[in-house]
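K.L.:
Prediction below, plus the sequence it came from.
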Amino acid sequence: MTVRKLITALIVPLLVVLAGGGLAACSSSDDADGTQSSQVKISDQWVKAAPDGMTSAFAKVRNNGKTQVRIVSASSDVAGSTQLHEVVTENGVSTMKEKADGYVVGAGKTLDLTPGGAHIMLMDLRRPIAAGDLVTIQLVFADGSMQTVSASARDFAGNQEDYGNAPAASSTMPSMSMTMDHSHH
Ligand SMILES: [Cu+2]
């Protein structure tokens, strides 16, 4: 076998693999491999910059599939623990709580993880998160499939944990006064 033929023998299968991978990526929104992760498109993900303690991650989670999906947990290397939170308002006070059953996203629906609403809570931060940092977050779906996203950090003035100390905000916007319910710990 000549060197040229040897190279061809090695490269052609590689190109076939690459082409196949490309096709799979293009059709991933069509529920290509049948997993919940494969039918979900995550966009606009970002993390609130924080020096320590805890912070929140946000994103749009679009389910392009024909069946409902459920995100059951999340994790990140920057956080000692991570919870899926929702915000519950009672008597004008909003409290964030762990959503025990995770986030359900119906077929064709988009879940908005947004400040003041549902969010991914990154707790026990292992390092400061500065604006511009990239934070890797892994989402786990009910069928065990996973999706990893890279979220960039940004400064965000609406710091939920501090609202209780801002008289102007709490008097005019009582529903934005938030406390953290850690009673389940
Ligand atoms: Cu929270």
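P.N.:
That came in fine, so what should we check first?
K.L.:
So which residues on the protein come close to the ion?
P.N.:
Within the chain, the positions near the ion by Cβ under 5 Å from the ion are 85, 96, 121. Where you see a C-beta, it was placed from the backbone N, CA and C, and this is true even at glycine.
K.L.:
The spatially closest residue to residue 63 that is not a sequence neighbour bridge partners, please.
P.N.:
Leaving aside its chain neighbours, residue 63 sits nearest to residue 105 (4.3 Å; criterion: Cβ to Cβ, 6 or more residues apart in numbering). Beta-bridge pairing of residue 105 under DSSP bridges involves residue 69.
K.L.:
show me what contacts residue 107?
P.N.:
63, 65-68 (Cβ atoms under 8 Å, 6 or more residues apart in numbering).
K.L.:
Now it: phi and psi?
P.N.:
Backbone torsions of residue 107, given as degrees, to the nearest 10, read phi -60, psi 130.
K.L.:
picking that back up, which of the contacts of residue 107 ranks first by neighbour count?
P.N.:
Counting neighbours by other Cβ atoms under 10 Å, residue 63 leads these with 22 neighbours.
K.L.:
Lowest-confidence one in the residues of the chain next to the ion?
P.N.:
Among these, residue 96 carries the weakest pLDDT, at 94.
K.L.:
Run a quick check on that one versus residue 84, I expect a contact.
P.N.:
No: here residue 96 does not reach residue 84: they are 10.5 Å apart, not a contact under Cβ atoms under 8 Å.
K.L.:
List the contacts of residue 37.
P.N.:
139, 141, 145-147.
K.L.:
Next: residue 80.
P.N.:
Residue 80 neighbours (Cβ under 8 Å, 6+ apart): 123-126.
K.L.:
Show only the entries of those found in strands.
P.N.:
123-125 (DSSP state E).
K.L.:
pLDDT for the residues you listed - can I get that in JSON lines?
P.N.:
Putting those into JSON lines (pLDDT from 0 to 100) gives the following:
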{"residue": "123", "pLDDT": "98"}
{"residue": "124", "pLDDT": "98"}
{"residue": "125", "pLDDT": "98"}
